[in-house]
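Novice: Sequence plus predicted model, see below.
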Amino acid sequence: MPLEKLYLDVPGTTIFDAEQSRRGYHLNQFCMSLMKAANRERFKANERAYLDEWPMSEAQKQAVLARDLNRCIGLGGNIYFLAKIGATDGKSFQQMAGSMTGMTEEEYRNMMLAGGRSINGNRFLGEDGDAQPHRQPQGAAGEVGQPQGAADRNKAKAI
Amino acid sequence: MARITASVFTSHVPAIGAALDLGKDKEPYWQPLFKGYEYSKQWMKDNTPDVIFLVYNDHATAFSLEMIPTFAIGCADSFQPADEGYGARPVPVVKGHPELASHIAQSVIQQDFDLTIVNKMDVDHGLTVPLSLMCGQPQAWPCPVIPFAVNVVQYPVPSGRRCYNLGKAIRNAIESYDEPLNVHIWGTGGMSHQLQGPRAGLINAEWDNKFLDRLIAEPDALANVPHIEYVREAGSEGIELVMWLIARGAMSDSFDGPAPKVKHRFFHVPASNTAVGHLILENQ
């Protein structure tokens, strides 16, 4: 009998279940190694060489080098593990979380100060909240200077 | 006999610890949050327990993916504040209570909950931030602490019902301990927050406040809320709130006793990415 995964229809959300954990095992264990100051120094001195010590996929290594946390999560990473990379970079949890929305730091911070992201339209895939796939990236990145994103969104709205 | 006199519930956002450690707690951003804990710090001074049983979750600190215990009880003499990647927090070492912890482990396992006994571990912000919020910045924590770590990182986490029933088992265990200790049980984590993906930053204050109402008035019914509701309504990391049900299950009214008295209630948005909720309940 297949496992029931009720959480697959929550937009903009990846649940770190056993399958994701299996996929991301080495990526997450690499992150754990950054809890030692000496390892953080070695990683910072030569990121690629440090990553090559781990049996991670090339896609996982590239996602780490690019600090693309959404890709890291897609490849099995979990935010509490990935946070060790952010800590190594001197980033706060808010900077890390914000980086996954496409918003600038200031935009994300202002959203939180205004009470956070609304749940409305963000409960189920297929609604029209700001976390839905057709509304990425968020903030100015999805408005000006990124006509493609805005165009896609208008198209999606029209649908 | 030992007895549980009160339960404390609070979020455990790491940025709160950083704000205190870096002396930013008087800044306008943080002032309203710390103001909400002023009553609590005084209450802690006036009602210092002999032991705190502190339910929290480890955030990929003591437990990597090598081992993922669902429920882990700290039975060591002491626990060091962990280096989570920024260096360890400059807070006191956490002294344990190995005798009571071992007693609870033996009793609770015999009540059919499979606890993992941990004799060596560091404790992260999940445990030290609630202590800072409730005790301020002392040279030493006011009493021994038994860390009780719940897996809420790798899905599936334990259900609300299982957590609530575990709280009852912990109460049975504590009340069968011979020494007349005054014990507080704390449930930490939450409230609504999501730290990942395009839905990061989710806050659902209406749901959170209803959760607080129900935790006070009808915890047994609240324990029926399924995982998916926490994830959908309170965010992927909001599921930490199941841990509050462990502390709530240990209160007298779970055993047909009188309802607890609400000594303090506080809610604030935001602390970094998170809605902060806080309750103090006293058994009557």
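Specialist: Structure's in. What do you need?
Novice: what's around residue 36, how many residues?
Specialist: Because you didn't say which chain, this covers chain A. 12 (other Cβ atoms under 10 Å in any protein chain shown). C-beta here means a position set from N, CA and C on the backbone, and glycine is covered the same way.
Novice: Hmm, no, I was thinking of chain B.
Specialist: Neighbour count for B:Gly36, taken as other Cβ under 10 Å: 19.
Novice: Would you confirm that it contacts B:His268?
Specialist: Yes. Counting by Cβ atoms under 8 Å, B:His268 is a contact partner of B:Gly36 at 5.7 Å.
Novice: anything in the strand or helix carrying B:Val262 near chain A?
Specialist: Assigned by DSSP states H and E, B:Val262 belongs to strand B:261-271. Yes. On the criterion Cβ under 8 Å from any Cβ of the partner chain, strand B:261-271 is in touch with chain A at B:Val269, B:Pro270.
Novice: Could you export that strand as CSV, CA atoms only?
Specialist: Coordinates of each C-alpha in strand B:261-271 appear next as CSV, following Å, rounded to 0.1, in the frame of the first residue of the first chain:
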residue,chain,number,x,y,z
LYS,B,261,-5.4,28.9,36.3
VAL,B,262,-4.1,31.0,33.4
LYS,B,263,-1.5,33.2,35.0
HIS,B,264,-0.2,34.8,31.8
ARG,B,265,-0.9,34.9,28.1
PHE,B,266,1.0,36.7,25.4
PHE,B,267,1.1,36.7,21.6
HIS,B,268,3.4,38.7,19.3
VAL,B,269,4.2,38.9,15.6
PRO,B,270,7.0,38.8,14.5
ALA,B,271,10.1,37.5,16.0
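Novice: Would you mind pulling up the elements that the following helix or strand past that strand packs against?
Specialist: The first helix or strand that comes after strand B:261-271 along the chain, using DSSP H and E, is strand B:274-282. Contacts defined by 3 or more Cβ pairs under 8 Å, 6 or more residues apart in numbering or on different chains; DSSP states H and E place strand B:274-282 against strand B:3-10, helix B:38-46, helix B:205-217, strand B:261-271.
Novice: rewinding a little: for the strand holding B:Val262, which outside residues touch it?
Specialist: Outside strand B:261-271, the residues within contact range by Cβ atoms under 8 Å, 6 or more residues apart in numbering or on different chains are A:112-113, A:115-116, B:6, B:11, B:13, B:15-16, B:30, B:32-33, B:36-37, B:39-40, B:43, B:191, B:203, B:205, B:208-209, B:212, B:216, B:275-282, B:284.
Novice: Weed out the non-buried ones from these.
Specialist: Among these, those buried by neighbour count (16 or more other Cβ atoms under 10 Å in any protein chain shown) are A:112, A:116, B:6, B:11, B:13, B:15-16, B:30, B:33, B:36-37, B:40, B:43, B:191, B:203, B:205, B:208, B:212, B:216, B:275-282.
Novice: between B:Gly36 and B:His268, what contacts are shared?
Specialist: Counting by Cβ under 8 Å, 6+ apart, the contacts common to B:Gly36 and B:His268 are B:Val276.
Novice: do you know how far B:Lys26 is from chain A?
Specialist: Distance, B:Lys26 to chain A, using Cβ to the nearest Cβ, to the nearest Å: 18 Å.
Novice: for B:Tyr29, same thing?
Specialist: For B:Tyr29, the distance to chain A - Cβ to the nearest Cβ - is 8 Å.
Novice: Tally up the residues packed near that residue, please.
Specialist: Using other Cβ under 10 Å, B:Tyr29 has 15 neighbouring residues.
Novice: Against B:Pro270, how distant is it?
Specialist: According to Cβ to Cβ, to the nearest Å, B:Tyr29 and B:Pro270 sit 9 Å apart.
Novice: do B:Cys135 as well
Specialist: 23 Å.
Novice: Show the contacting residues for the closest residue to chain A within the stretch 51-200 of chain B.
Specialist: For the stretch 51-200 of chain B, the residue closest to chain A is B:Gly85, as judged by Cβ to the nearest Cβ, at 2.8 Å. Neighbouring residues of B:Gly85 by Cβ under 8 Å, 6+ apart: A:Leu34, A:Met35, A:Arg40, A:Ala83, A:Lys84, A:Gly86, A:Ala87, A:Thr88.
Novice: near chain B, from those?
Specialist: Okay, of the contacts of B:Gly85 touching chain B (Cβ under 8 Å from any Cβ), that's A:Leu34, A:Met35, A:Arg40, A:Ala83, A:Lys84, A:Gly86, A:Ala87, A:Thr88.
Novice: What is the nearest of these to chain B?
Specialist: A:Ala87 (2.8 Å).
Novice: hang on, that closest one packs against B:Glu84?
Specialist: Yes. Using Cβ under 8 Å, A:Ala87 is in contact with B:Glu84, at 6.5 Å.
Novice: residues near B:Val91, how many?
Specialist: B:Val91, neighbours per other Cβ under 10 Å, totals 21.
Novice: returning to that earlier point: and of the contacts of B:Gly85, the nearest to B:Pro260?
Specialist: Using Cβ to Cβ, A:Ala83 is the member of the contacts of B:Gly85 that lies nearest B:Pro260, at 35.2 Å.
Novice: Could you look up the SS state of that closest one?
Specialist: At A:Ala83 the chain is in helix, as set by DSSP: H, G, I helix; E, B strand; the rest coil.
Novice: got the phi/psi numbers for B:Tyr86?
Specialist: phi -110, psi 0 (degrees, to the nearest 10).
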